[in-house]
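*Asks:* based on what follows, work out the 3D shape:
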Amino acid sequence: MVERICPRCDAGNPSEHAYCGRCGAALDQPLAPRPAASLAQRSWQVPVPWKQAGRVMALGVATLAAEAGLAWLQRRQQQQPQPLSRPQPPTTARVIAMGWRVTETWQGGHLQQRTEEKVMWLEPQPPKG
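*Replies:* Numbering: from 1, shown residues only. Next up, the predicted model:
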């Protein structure tokens, strides 16, 4: 149903009526003149949903940059040759204690991995001379 809005009281009226049912004003009157100024002030601010999307994009870009930087560092670290250690002068030592450690990994009743480590604790002896 189409309604006619009263220019005086803004009441809705059926389209057949010539006068407003609330205030009695004629509905054939021209509309009130509209001010020349715009309804809303023009603003250069970004709408709120765009701000949120911008924050998400910035976080995503920062994450990608961090991941790329870490990958670059890992690749660079793998490519650099390791510095050679200087050979130590020969010394004599006395064995203080000795240990043997065996680590086995079992899965489903089958041996998957076996690691044997021999550990010796040495006491250095001063060089003779």
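*Asks:* what about the closest residue to residue 96 other than its chain neighbours, how many neighbours?
*Replies:* Leaving aside its sequence neighbours, residue 96 sits nearest to residue 121 (C-beta to C-beta, 6 or more residues apart in numbering; 4.6 Å). The way it works is simple: take the backbone N, C-alpha and C, and place the C-beta from them, glycine included. By other C-beta atoms under 10 Å, 11 other residues sit near residue 121.
*Asks:* give the contact list for residue 121.
*Replies:* The contact partners of residue 121, taken as C-beta atoms under 8 Å, 6 or more residues apart in numbering, are 95-99.
*Asks:* can you show me the strands along this structure?
*Replies:* 3-5, 12-14, 92-107, 110-125 (DSSP state E).
*Asks:* with respect to residue 18, which of the contacts of residue 121 is nearest?
*Replies:* residue 99 (110.0 Å; C-beta to C-beta).
*Asks:* what pLDDT does the closest one get?
*Replies:* For residue 99, the pLDDT comes out at 83.
*Asks:* before we move on, the earlier item: and the strands of the chain as a markdown table, adding distance to residue 68?
*Replies:* A markdown table is the format used below for the strands of the chain (distance: least, C-beta to C-beta, whole Å):
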| stretch | distance to residue 68 |
| --- | --- |
| strand 3-5 | 60 |
| strand 12-14 | 62 |
| strand 92-107 | 36 |
| strand 110-125 | 35 |
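*Asks:* which of these sits closest to residue 57?
*Replies:* Minimum separation from residue 57 across the strands of the chain (C-beta to C-beta) falls at strand 3-5, 44.2 Å.
*Asks:* specify which member of the contacts of residue 121 is nearest to residue 55.
*Replies:* Of all these, residue 55 sits closest to residue 99, with 57.1 Å by C-beta to C-beta.
*Asks:* rewinding a little: pick out whichever of the contacts of residue 121 sits closest to residue 23.
*Replies:* Nearest to residue 23 among these is residue 99, at 104.2 Å by C-beta to C-beta.
*Asks:* which ones are touching the closest one?
*Replies:* 118-121.
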